[in-house]
Each structure stands twice: as structure tokens, then as C-alpha cells.
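In: here is the input, now give the coordinates:
(one chain, ligands or ions: 2)
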Amino acid sequence: MTTSSTKTTFSADPYASRLAEKWEAVERVDPVIWNDRYAGPLDRKQLDRFQQDGLLSIEQLVGTDEAHELLATAKRLAAEANPNDESIVMEPGGGAVRSIFRVHRTNERFRALCGDSRLVEVARQILGSDVYIHQSRINFKPGFTGKEFFWHSDFETWHMEDGMPRMRALSMSLSLTANHLFNGPLMLVPGSHRTYLRCAGETPDHHYRSSLKKQEYGVPSRDALRLLIERSDGIQAATGSPGSAILFDCNTMHGSVANLSPDDRTNLFVVFNSIENKLVEPFGGKPPRPAFLAER
Ligand code: 6CS
Ligand code: FE
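Out: Ligands and ions are numbered 1, 2, ... in the order given. Just a heads-up that it's a prediction; the model follows:
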């Protein structure tokens, strides 16, 4: 079933986007849990929850002390960050570090964590295969200065700009600081992973140089968001203590508001992709994005 504001014909790619002047909502054509019998740490209830909502909270993925240690390492990386390095993204208007990408390759502590079986076994179970890291980043969202991430589906970007063929990837967001209602926790739309929103507009050249600060292309329009949020049971804020985590499907609609509190909201994001879903030429027809954003 497709809901569209204008009838448009798309190429064979079921997830084509940014091809027309108007948006279109189409049904996901991929499974969410790729192999129901694949052994792993999640129980039936958790798998059913992820299948239904496209997201799952995990109370204590790592211990509190470990989270505090990781936060200290993250803060040191931010303090030493070189703003001329492409993998370091500053907040709009300079000043604070917004994101540090590819920590699974550049820092020993985070490399070990990203490959830890507590994370990898969960990804393997949901994706039903061996996995590799597509992208990692620390989003710092500092107190008072951390700006928002507008609503988006990661998959729409990874498909169009990185060449990720199917919806067989997931993100893990690990809280290194407390995530509470006032410091810009991740907000997600449960159930939105089953609808793919083709976005209107096109992709600017070197889009990532602006999209990582403030994404304006490949983001859904307001009436598309209204449709999605009305179809699901509203918006869920992923609050939790240091060490807690939230898993979300590559197509789950999410975003976060600016941080007006004094408390940093610093999270590690690790994206696992199935080895059966390796990147091909970007579906948007532009050159692939750099390796710090998408491991090829
Ligand atoms: O473009 C990307 O890959 C990044 N952008 C956002 C807003 N979320 C996913 C990822 O970090
Ligand atoms: Fe995202």
C-alpha cells in the first residue's frame, strides 16, 4: 500500500528517494528480524518487541563504572580533537564538538568496546548473519550548546548516499552520561521502521559537509511525519542511566532536540551491518561518502 501526494514512478529500487518533488510513504519490503532461530542473548519477548517497535531498550548494556571510564575517554578525545579533521564535526557556529566519527578505528578503548560480544552478539541475532561495523560516532550534545538532530531515517541516507542495499542494519546508542527528559535524549517513533518515506528534493554535492551539522535534505516533510506519528503510538524518548542502551532498526524514524540543560548528553552510536548487505554504488548516483562515515 502506498500513500503519496503525487503518483510517481520509481526505478527497480524499492527504496528510491529524492527523485521527485513530493514525498511518498511505501511499505518496507525487508524483514526486521532476519532469522528467527539465530542464537543470541535476546529472549523471545525482546525479539518480539524489536520486531513490533523497531527499537529495544537494554537497561545495563555495560556497567556504570565502565560507562564513566568510557565518558572520560570520550571527553579526552573531544579535548584533543582537531576541527580540521573531517571525522570531527563541530556544532553549527563552531565552539563545541558535536560528533567524533569512526572511533571504532581511531581509539583502542572504543575499538574494543565496539567489537565486544555484548554488542556484536545482539547485532548478529537480529540481522541473522555475521556483521561488520558500518559507522561509529560519539555524539556529545554538550549542555546548553548541543543542537538538535532533525527527524530522519538513517537508512534513507545510508541507501542513497552510501549504497546500503537493504534494511539489514541496526544502531546501538550507548548512554555514557544520563539521558533524561531535558538534555536532548534520542526520540524515536515506535513502528515507523515498517514504512519507508521517500523524501522530496535532491542531494547536494558533498552533502555530508552540511548534513552532519544540520540535515536539510533526505529529511521527511511535516505531513509525512504527522502520518507516521499518527500511525504509531506517538514518540518515545530513550531516557536511561549511564551504561544503558537503545537498539534501533536502520529505518526507525528518530531525532533529538537541543540540550537546554547544564548536563551533557554524550552517547556512543555503533552501526552494525550484515555482511550480506555490503555497500554498493550509492543509489543516489553521487560518489560514495568518505570511509569515516561508511566503511567499504
Ligand atoms: O549521515 C549519517 O550517516 C549520520 N547522520 C545522522 C543524522 N544519523 C546517522 C548518521 O550518524
Ligand atoms: Fe541518525
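
In: what does the stretch 101-250 of the chain have sitting close to ligand 1?
Out: Proximity of the stretch 101-250 of the chain to ligand 1 is confined to 135, 137, 149, 152, 154, 157, 211, 215 under the rule CB under 6 Å from any ligand atom. C-betas here are computed from N, CA, C, even on glycine.

In: out of everything not next to it in sequence, what's closest to the fourth one?
Out: Using CB to CB, 6 or more residues apart in numbering and skipping residues adjacent in sequence, the residue nearest His152 is Val219, 5.1 Å away.

In: just checking, the one you found touches Phe149?
Out: No - counting by CB atoms under 8 Å, Val219 stays clear of Phe149, with 9.9 Å between them.

In: dump the helix ranked longest in the chain to CSV, keeping only the CA atoms.
Out: Criterion DSSP state H: the longest helix present in the chain is helix 64-80. Presented in CSV, the C-alpha positions along helix 64-80 are these (Å, rounded to 0.1, in the frame of the first residue of the first chain):
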residue,chain,number,x,y,z
THR,A,64,28.1,2.1,35.4
ASP,A,65,31.8,2.2,36.2
GLU,A,66,32.6,1.2,32.6
ALA,A,67,30.3,3.9,31.3
HIS,A,68,32.1,6.5,33.4
GLU,A,69,35.5,5.3,32.1
LEU,A,70,34.3,5.5,28.5
LEU,A,71,32.9,9.0,29.2
ALA,A,72,36.4,10.1,30.4
THR,A,73,38.0,8.7,27.2
ALA,A,74,35.3,10.5,25.1
LYS,A,75,35.9,13.8,26.8
ARG,A,76,39.7,13.4,26.3
LEU,A,77,39.1,12.7,22.5
ALA,A,78,36.9,15.9,22.3
ALA,A,79,39.5,18.0,24.1
GLU,A,80,42.3,16.7,21.7
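
In: what are the contacting residues of it?
Out: For helix 64-80, the surrounding residues in contact (CB atoms under 8 Å, 6 or more residues apart in numbering) are 62, 97, 100, 103, 107, 109-110, 113, 138, 140, 174-177, 241-243, 266, 268.

In: show me how far it is from its chain's centre.
Out: Its chain's C-alpha centre and that of helix 64-80 lie 21 Å apart, by CA atoms, centre = their mean, to the nearest Å.

In: which residues in the stretch 101-250 of the chain form helices?
Out: Secondary structure of the stretch 101-250 of the chain (DSSP state H, counting those that start in this stretch): helices located at 103-106, 108-114, 117-127, 154-157, 208-211, 222-231.

In: who does the last one touch, helix- and strand-wise?
Out: Going back to what we said before, that points to helix 222-231. If you count contacts as 3 or more CB pairs under 8 Å, 6 or more residues apart in numbering; DSSP states H and E, helix 222-231 packs onto strand 24-27, strand 195-198.

In: pull that helix out as PDB, backbone CA atoms only.
Out: The C-alpha trace of helix 222-231 is given here as PDB (Å, rounded to 0.1, in the frame of the first residue of the first chain):
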ATOM      1  CA  ARG A 222       5.900  17.600   8.200                       C
ATOM      2  CA  ASP A 223       2.800  15.900   6.700                       C
ATOM      3  CA  ALA A 224       4.900  12.700   6.200                       C
ATOM      4  CA  LEU A 225       6.000  12.900   9.900                       C
ATOM      5  CA  ARG A 226       2.400  13.600  11.000                       C
ATOM      6  CA  LEU A 227       1.300  10.500   9.100                       C
ATOM      7  CA  LEU A 228       4.000   8.300  10.700                       C
ATOM      8  CA  ILE A 229       3.500   9.500  14.200                       C
ATOM      9  CA  GLU A 230      -0.300   9.200  14.000                       C
ATOM     10  CA  ARG A 231       0.100   5.600  12.600                       C
END
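
In: hmm, back to that, next structured bit after the longest helix of the chain?
Out: strand 88-90 (DSSP states H and E).

In: what comes up buried for that next one?
Out: For strand 88-90, a neighbour-count test (16 or more other CB atoms under 10 Å) marks 88-89 as buried.

In: next, format the helices of the stretch 101-250 of the chain as a markdown table and append mean pLDDT, mean neighbour count and distance to Asn183.
Out: Shown next, in a markdown table, are these (pLDDT from 0 to 100; neighbours: other CB atoms under 10 Å; distance: least, CB to CB, whole Å):
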| stretch | mean pLDDT | mean neighbour count | distance to Asn183 |
| --- | --- | --- | --- |
| helix 103-106 | 98 | 19 | 21 |
| helix 108-114 | 98 | 16 | 22 |
| helix 117-127 | 98 | 21 | 24 |
| helix 154-157 | 98 | 25 | 22 |
| helix 208-211 | 92 | 17 | 23 |
| helix 222-231 | 93 | 15 | 22 |
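
In: quick check: which of those is nearest to Phe144?
Out: helix 208-211 (23.1 Å; CB to CB).
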